[in-house]
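[1] sequence plus the predicted model coming up.
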Amino acid sequence: MNRIYLDNAATTPLDARVMEAMLPYLTTHFGNPSSIYSFGRETRLAVENARKTVAGIVKASPGEIFFTSGGTESDNMALVAAVEDLGCRHIITSAVEHHAVLHTVEHLQKKYSLTVSYVPITINGHIDLDQLALLVAGSSERVLVSLMHANNEIGNLLDIERVGAICQEHNAIFHSDTVQTLGHYRLDLSKKWIHFATGASHKFHGPKGVGLLYVSDSIAIRPMLHGGGQERNMRAGTENIYGIVGFAKALELADQQLEQDTAHILSLKLYMAEALQKRVPGVIFNGDWDGQSLYTVLNVSFPRNEKTEMLLMALDMQGICVSGGSACSSGADLGSHVIRALRPATGVPIRFSFSKYNTREQLDHVLRTLETLI
């Protein structure tokens, strides 16, 4: 049975061209980049060339780009640094953030007795930016605003320019989890809306286990990992050379093919939505799915009944991979915290997320299977 993969917001298949770029650093170019002889100089050059490539694409300086193990580490580094190094004592975030942010905020709140505020969410899942402005303006302490650029479950996009302007007006620090948008939208970090931004290459057909932390050169922070001088003394530990090379190659390919891939993936999303509306009575689309939303994500609530209660498992048994929400919390019994924040849980939420490798023929098969199952 050929499987159909529609959970690309969780992770994406590795592009063959990315694997080709990585292979030499898994075989012949194995030197430690901190070594001074030729084997080390080869891998050091690969890391710095990758840094320059990534910086050029996001319009940052190479000195603002740090490679990490993934989006979760990057989010943790940014939040901890904002509190410990930049003096933030009031964190403003939302109930629909990724758990990499929410759990870190909870930890910091307990450790440092911080003030934490949660911005209200509008009925279609957007951050209420008017309320955000009031919260930032009304704070007597230095504020850290942590809001994701695009929600990983429902796909809603944040107006990062407006949030950045609010933060600039009140000398607040702005961290944005850009894991779902890096490689899918062109980010211009030269405009300095954001102090911290994060990314993970496995969201755009790169390898797992490698991420990015952008730190604006307008701020100075201390390292989170100690023990060596790697990443310009910011992150100790021997670098993940082949992962870093793969990150840069995947981002380069994504940038080169952005318009083509966007048009293809958006057409799949709209085709799926239209077909579901016609074929499945009572479906609800969660979030601002046809407005300010990721072109890669369609979150659907199916009417709750005995046939849909086990829909995820039934689809998996038919070789169709979808999810009920974030892969990082898929083992939780409470369901999606994002969907709970939008409305009472009246349906069964399924997230379909698409990539450049999906086809309309695959969606037709999924739709036929859904009709059979429900």
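    Received it, and whenever you're ready, just let me know what you need.
[2] where does pLDDT dip in the stretch 151-300 of the chain?
    Regions of the stretch 151-300 of the chain meeting the criterion pLDDT under 70 are absent.
[3] ranges for the helices of it?
    160-169, 230-233, 241-256, 258-279 (DSSP state H, counting those that start in this stretch).
[4] which strands and helices sit next to the last one?
    Applying 3 or more C-beta pairs under 8 Å, 6 or more residues apart in numbering; DSSP states H and E, we find helix 258-279 packed against strand 297-303, helix 360-373. C-beta coordinates here come from the backbone N, C-alpha and C atoms, glycine included.
[5] JSON lines for the helices of the stretch 151-300 of the chain, including distance to residue 369 and mean neighbour count?
    Shown next, in JSON lines, are the helices of the stretch 151-300 of the chain (distance: least, C-beta to C-beta, whole Å; neighbours: other C-beta atoms under 10 Å):
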{"stretch": "helix 160-169", "distance to residue 369": "38", "mean neighbour count": "17"}
{"stretch": "helix 230-233", "distance to residue 369": "46", "mean neighbour count": "15"}
{"stretch": "helix 241-256", "distance to residue 369": "30", "mean neighbour count": "24"}
{"stretch": "helix 258-279", "distance to residue 369": "11", "mean neighbour count": "15"}
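[6] okay, these in a markdown table with distance to residue 118 next?
    Shown next, in a markdown table, are the helices of the stretch 151-300 of the chain (distance: least, C-beta to C-beta, whole Å):
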| stretch | distance to residue 118 |
| --- | --- |
| helix 160-169 | 15 |
| helix 230-233 | 32 |
| helix 241-256 | 32 |
| helix 258-279 | 29 |
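[7] select, out of those, the one closest to residue 69.
    Taking C-beta to C-beta, helix 241-256 is the member of the helices of the stretch 151-300 of the chain nearest to residue 69, at 8.5 Å.
[8] what residues does that closest one touch?
    By C-beta atoms under 8 Å, 6 or more residues apart in numbering, the residues outside helix 241-256 that reach it are 14-15, 17-19, 21-23, 25-26, 29, 33, 43, 46-47, 49-51, 53-54, 57, 67, 182-184, 186, 201, 204-207, 209-212, 261.
[9] do that again at 6 Å, thanks
    By C-beta atoms under 6 Å, 6 or more residues apart in numbering, the residues outside helix 241-256 that reach it are 18, 21-22, 25-26, 43, 46-47, 50, 53-54, 57, 67, 183, 201, 204-207, 209-210.
[10] could you do stretch 138-153 as well?
    Contact with stretch 138-153 is made by 9, 82, 87-93, 96-98, 101, 127, 136, 157-158, 160, 167, 172-178, 180-181, 294, 325-326, 336, 338, 351, as judged by C-beta under 6 Å, 6+ apart.
[11] among those, name the buried ones.
    9, 82, 88, 90-93, 96-98, 101, 127, 136, 157-158, 160, 167, 172-178, 180-181, 294, 325-326, 336, 338, 351 (16 or more other C-beta atoms under 10 Å).
[12] and the helices and strands packed on helix 258-279, which is most packed in?
    strand 297-303 (a mean of 23; mean count of other C-beta atoms under 10 Å).
[13] now for it, which elements pack on it?
    In terms of contacts (3 or more C-beta pairs under 6 Å, 6 or more residues apart in numbering; DSSP states H and E), strand 297-303 is packed against helix 258-279, strand 347-353.
[14] off-centre distance for it?
    19 Å (C-alpha atoms, centre = their mean, to the nearest Å).
[15] report the inter-axis angle for it versus strand 347-353.
    With axes from the mean of the first three to the mean of the last three C-alpha atoms, to 10 degrees defining the directions, strand 297-303 sits at 160 degrees from strand 347-353.
[16] need the next SSE after strand 297-303, C-terminal direction.
    helix 311-317 (DSSP states H and E).
[17] output stretch 350-363 as CSV, restricted to C-alpha atoms.
    Extracted C-alpha coordinates of stretch 350-363, given in CSV (Å, rounded to 0.1, in the frame of the first residue of the first chain):
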residue,chain,number,x,y,z
ILE,A,350,-7.8,17.0,11.6
ARG,A,351,-4.9,19.0,10.2
PHE,A,352,-4.0,18.5,6.6
SER,A,353,-0.7,20.1,5.7
PHE,A,354,0.7,20.0,2.2
SER,A,355,4.1,20.1,0.5
LYS,A,356,5.5,20.4,-3.0
TYR,A,357,5.5,16.6,-3.3
ASN,A,358,1.7,16.2,-2.9
THR,A,359,-0.6,15.9,-5.9
ARG,A,360,-4.2,16.4,-6.7
GLU,A,361,-4.5,12.6,-7.4
GLN,A,362,-3.4,12.0,-3.8
LEU,A,363,-6.1,14.3,-2.5
